[in-house]
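**Q** The sequence and its predicted three-dimensional model are supplied below.
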Amino acid sequence: MTTVIRIFSEARKYWKYFIIAFLSLIVSTIAGFYSPWALREFTSIATSGSSNFASESLKIGILLLLATVLQSGGAALAGYYNHYGALNYVSDLRTELYSKLQHMGLSFFNKNRTGDLTNRVINDSMQAEMLLAHVFPDVMVNVLTFIGVGVILFTINVRLAILSLFTIPFLLGITIWQTKFLSPIWDENSRVRGELSGTVQDNFSGIREIQIFNQQDKESERISSLSLKHSKAYLKASFFFETTYPLLAFFTSIASVGVIIYGGILISRGQATIGDIVAFIMYLNMFYGPVKSFSRIMEIAGEAIASCNRVFEVMDIMPDIKEKEDAKVLPKVSGKIEFKNLGFNYSPEINILDDINLTINPGESVAIVGTTGVGKTTIASLLNRFYDPQEGSILVDDVDIKDVTLESLRNNISMVLQDTFLFNGTIYENIVYGWKDASEIEVIKAAKAANAHEFIEGLEDGYNTVIGERGVRLSGGQKQRVSIARAILRNTPILILDEATSALDVKTEKEIQKALDNISKNRTTIVIAHRLSTIKNVDKIVVLENSKVAEFGTHDDLIKKGGIYSSLYYSQVS
């Protein structure tokens, strides 16, 4: 019920539509009660030999037509407004969930599979519509029908009505038993579905590696295993439904048999009319309908609630990276950066950075080097607050980055990553991604600076060329040049180049390096590099080793020192 109450509470701005739907349902349901009553009246008139049979039949027919119009019209109106409110709520829920995910730290995404999160945003959230537009209205109709028809049954014949109630405890017992066992089954089903979705998405993302290593059969077996798990979860649920529904039908049939036998006795004694018995049996089917359908409703509700719980599970996670309530906006900075006693690890067992102290002055270019896994990219991630350090602090223009809004901090930083990511759109859209108001002239200027303009113009649609998911229609070097153009266009005071030229040939690298040298002027630049020949002209070089700053100085100073940097440099040029 906690989940149900939460959904109703969050959907409160659409309550007026649900109220209209509810009132329409009441009209439709009550109008539906008239059909058996009309048959009762018609049968009574027909068997009584009334001289006004024609006029009485006409009256009953007109009332039945009116009731049918109200029943159909009310149902249509209720269906529309229920779906209107439910689908709008689902849209809000998806947007809120996606927004929440966008503000989660990278550590969250490191722990959760993209496919599973996508499944929660798209599929699991849609199950709220099933609850609001189908389950809840069906429950209301069934409750109203059960009560209303129950009253009518006692109105027609008290003794028959009492007889009909003997099967109710059996029907309720079966339904409660089914509900008890279905809930954990649907929870397991939702979990397996998320795992299956995550695995499929992982495999599509890594399809090149799968084909290179000839692992198609192995991955097909893995998908088959997960798909079988998913099917088995559904089969368990189907077992309970297919077992209980015939039992429900059996007990309702027993009640009908009892009414026919006892009703025949009452007719023979003159204590009931044929019309009474015919109407009673019709109403009895309506009376037991809610009990039988409750089984199906609970099956649907169980799956929907399990899916909604997966949505709320993410919604209720506290982001590990969050702004202070009084966080201030960081204006455009001069570019001074300080790392004070910085300590960080991804897990308690392995220390990545330990007691890092480093000051970068405005406009300086600083290269961070070291062996793979020493924490170079981690420093850039900490500066962007993708993670927060366990110890120490980072200051930009003497302001702790934890005291400012994330948006204003990142508005001062541009990054060109080694693992270039481009969106499925045009080249133009990807270049202006960080600055939507840029003019076409400014975009072309940035592309020329990144040595990308010539190859872009050579494409069939030029800057309007659609590059596919993750830029698959471009080569690695072309993607990186587009990424560099994007950073150049953004023109922020702080620039981070994380292996920005790693996918380029030597000639192109030299050309782009000149462009990067030009845009690095008058801005603070952090260069993360394995290819040390590209950083000879930076102002300072920081060498990381064993989680600490091992060496610090210019290229010439560190070469003369003959330490770690010198060894790394000569191992590459020799």
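**A** Done, it's in.
**Q** In this structure, which residue is most central in space?
**A** With distances taken as C-alpha atoms, centre = their mean, the residue of the chain nearest its centroid is V121 (1.4 Å).
**Q** so how far is S99 from that residue?
**A** Plainly put, V121 is 10 Å away from S99 if you go by C-beta to C-beta, to the nearest Å. (Each C-beta comes from the backbone N, C-alpha and C, glycine too.)
**Q** In contact with the nearest residue to S197 once chain neighbours are set aside, which residues?
**A** Leaving aside its sequence neighbours, S197 sits nearest to N119 (C-beta to C-beta, 6 or more residues apart in numbering; 3.9 Å). By C-beta atoms under 8 Å, 6 or more residues apart in numbering, the residues touching N119 are R193, G194, S197, G198.
**Q** now do 10 Å
**A** Residues in contact with N119 (C-beta atoms under 10 Å, 6 or more residues apart in numbering) are 113, 125, 190, 193-198, 200-201, 307, 310.
**Q** Ok, N351 next?
**A** G343, F344, N345, G375, Q390, N546, S547, K548 are the contacts of N351 under C-beta under 10 Å, 6+ apart.
**Q** how near is the second one to D116?
**A** The gap separating F344 from D116 is 27 Å, by C-beta to C-beta.
**Q** do the third one as well
**A** When distance is defined by C-beta to C-beta, N345 is 26 Å away from D116.
**Q** more neighbours, these two?
**A** Using other C-beta atoms under 10 Å, the more surrounded residue of N345 and D116 is D116, with 21 against 18.
**Q** Quick check: pLDDT value at T47.
**A** Looking at T47, its pLDDT is 74.
**Q** Tally up the residues packed near it, please.
**A** Other residues close to T47 by other C-beta under 10 Å number 11.
**Q** Excluding chain neighbours, what is closest to it?
**A** That would be I274: by C-beta to C-beta, 6+ apart, it lies 5.8 Å from T47.
**Q** list the contacts for that neighbour?
**A** If a contact means C-beta under 10 Å, 6+ apart, then I274 has R40, T43, S44, A46, T47, G263, I267 as its contacts.
**Q** Select, from the residues you listed, the two members most distant in space.
**A** A46 and G263 (17.9 Å; C-beta to C-beta).
**Q** quick one on the thing from earlier: any idea how far the residue nearest to T47 lies from M286?
**A** Counting by C-beta to C-beta - I274 and M286 are separated by 19 Å.
**Q** ok, now D437?
**A** From D437 across to M286, the span is 64 Å (C-beta to C-beta).
**Q** With neighbour numbers in mind, choose between those two.
**A** For D437 versus M286, neighbours defined as other C-beta under 10 Å are more numerous around M286 (19 against 6).
**Q** so what's that one closest to, chain neighbours aside?
**A** Closest residue in space to M286, ignoring its immediate chain neighbours: V149 at 4.9 Å, by C-beta to C-beta, 6+ apart.
**Q** hang on, the one you found packs against Y283?
**A** Yes: at 5.3 Å, V149 counts as touching Y283 under the criterion of C-beta atoms under 10 Å.
**Q** intersection of neighbour lists for those two?
**A** Shared contacts of V149 and Y283, counting by C-beta under 10 Å, 6+ apart, come down to F33, P36.
**Q** all strands for the stretch 251-400 of the chain, in order.
**A** 337-344, 353-360, 365-369, 391-396, 399-400 (DSSP state E, counting those that start in this stretch).
**Q** among those strands, which is nearest S256?
**A** Per C-beta to C-beta, nearest to S256 of the strands of the stretch 251-400 of the chain: strand 337-344, 72.8 Å.
**Q** from the chain's centre, how far out does the closest one sit?
**A** A distance of 35 Å separates the centroid of the chain from that of strand 337-344, by C-alpha atoms, centre = their mean, to the nearest Å.
**Q** Return the list of helices and strands in contact with that strand.
**A** Strand 337-344 is packed against strand 353-360, helix 376-383, strand 391-396, strand 399-400, with contacts defined by 3 or more C-beta pairs under 10 Å, 6 or more residues apart in numbering; DSSP states H and E.
**Q** Let me have these in CSV, extended by distance to E442 and mean pLDDT.
**A** Below are those laid out as CSV (distance: least, C-beta to C-beta, whole Å; pLDDT from 0 to 100):
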stretch, distance to E442, mean pLDDT
strand 353-360, 28, 91
helix 376-383, 26, 90
strand 391-396, 26, 93
strand 399-400, 29, 93
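**Q** Most tightly packed of those?
**A** Neighbour counts (mean count of other C-beta atoms under 10 Å) averaged over each of the helices and strands packed on strand 337-344 peak at helix 376-383, with a mean of 21.
**Q** sorry, back to before: could you tell me the per-residue confidence at the residue nearest to T47?
**A** pLDDT, read off for I274, is 82.
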